[in-house]
Structure formats: C-alpha cells, structure tokens
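*Asks:* What shape does this take:
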Amino acid sequence: MHAGHLRIISEAKKQGDVLILGLNSDASVRRYKGAGRPVISEQQRAAMLIALRDIDFVHIFDEDVPMPFLEQIGPDVHVNGSDYGSECIEAETVKSLGGRIHIVEKIPGLSTSQILSSIQEGPGEHE
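*Replies:* From the prediction side, this is the model:
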C-alpha cells in the first residue's frame, strides 16, 4: 500500500455512506501481475485495509475481473484510479446497475511497480 492507494480510498469514502473495498486475491494478482506478486499476502493486505477508518468492509475476490463482485453488491458509485479511466472494463456493469464511475487522478510517478523497481535497483538510483 502506498500514498496513491490512500488517496483513492479517501476519495472513495467521500462518495457515499459505506465503503466496500474489493481486493484481488493472491491468485488473481499473480495472474495479472506475474510471478513474485503480490509482495504482501491477501490476508495481510485485507488486515491493513480494514484497519483504515475510511473502509467499512473488505471483500477478497478471486476472479480476474471485478464484475461478479460488483453484480453482487450493486454499488451506487464505483471508484477507480485514472489509470483505469471512466471506460474501465467494469463501467458497463456498474452503469447497468444504476451506478456511476468516479475517477481519482493518480499521483504522478507513484505505483507499486515503480516502488519495487526502485528497491531492486538499490540505493542512490532515484535520489
């Protein structure tokens, strides 16, 4: 988890009364990001997230896409980072359920992949 995630979570909480966070399982992260990911297990990620005051519920989903989870909860608002955009793969599902998409701009230069790359390169590379 990094400051970009916290920004999205904070903005998501402002969009409604209850924040249900969908969290990719370890297996789905591996399928999406490749071997060696996630760095932190789903149970540990869920524990960190639920400890945040803005998050009311965390649901771990194993599918490669969030549509089945979204169909179950029928959100009024679905929040995504700007890297996914308003025409994200789940937009049609959310809109068909009467919800809307809310996009949060990313913090430039901040991503888990960039953080991991920086760690692997070692000290001094990005100072």
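
*Asks:* Would you confirm that V65 contacts I89?
*Replies:* Yes: with contact defined as Cβ atoms under 8 Å, V65 reaches I89; the gap is 6.0 Å. Every C-beta, even on glycine, is put in place using the N, C-alpha and C of the backbone.

*Asks:* Need the overlap of contacts for those two.
*Replies:* Common neighbours of V65 and I89 are not found (criterion: Cβ atoms under 8 Å, 6 or more residues apart in numbering).

*Asks:* Would you state the helices of this protein in chain order?
*Replies:* Counting by DSSP state H, the chain has helices at residues 3-13, 26-33, 42-50, 67-73, 91-96, 112-121.

*Asks:* now this protein, which segments are flagged as low pLDDT?
*Replies:* Along the chain, the parts satisfying pLDDT under 70 run over 110-116, 123-127.

*Asks:* Based on its surroundings, how many neighbours for V94?
*Replies:* 23 (other Cβ atoms under 10 Å).

*Asks:* Nearest residue to it in space, please, no chain neighbours.
*Replies:* Spatially, and ignoring its direct neighbours in sequence, V94 is nearest to H78 (4.4 Å; Cβ to Cβ, 6 or more residues apart in numbering).

*Asks:* what's the spacing between that neighbour and E121?
*Replies:* 35 Å (Cβ to Cβ, to the nearest Å).

*Asks:* more crowded one of these two?
*Replies:* Between H78 and E121, counted using other Cβ under 10 Å, the more crowded position is H78 (23 against 10).

*Asks:* and the more buried one, how far is that from H102?
*Replies:* From H78 across to H102, the span is 7 Å (Cβ to Cβ).

*Asks:* Just confirm the residue nearest to V94 contacts I101, I think it does.
*Replies:* Yes: in terms of Cβ under 8 Å, H78 counts as a neighbour of I101; the distance is 5.5 Å.

*Asks:* Pull up the overlap in contacts between the two.
*Replies:* When Cβ under 8 Å, 6+ apart defines a contact, the residues bordering H78 and I101 alike are A91, V94.

*Asks:* Just the buried residues of stretch 39-56, please?
*Replies:* Buried residues in stretch 39-56, counted by 16 or more other Cβ atoms under 10 Å: E42, R45, A46, L49, L52, I55.
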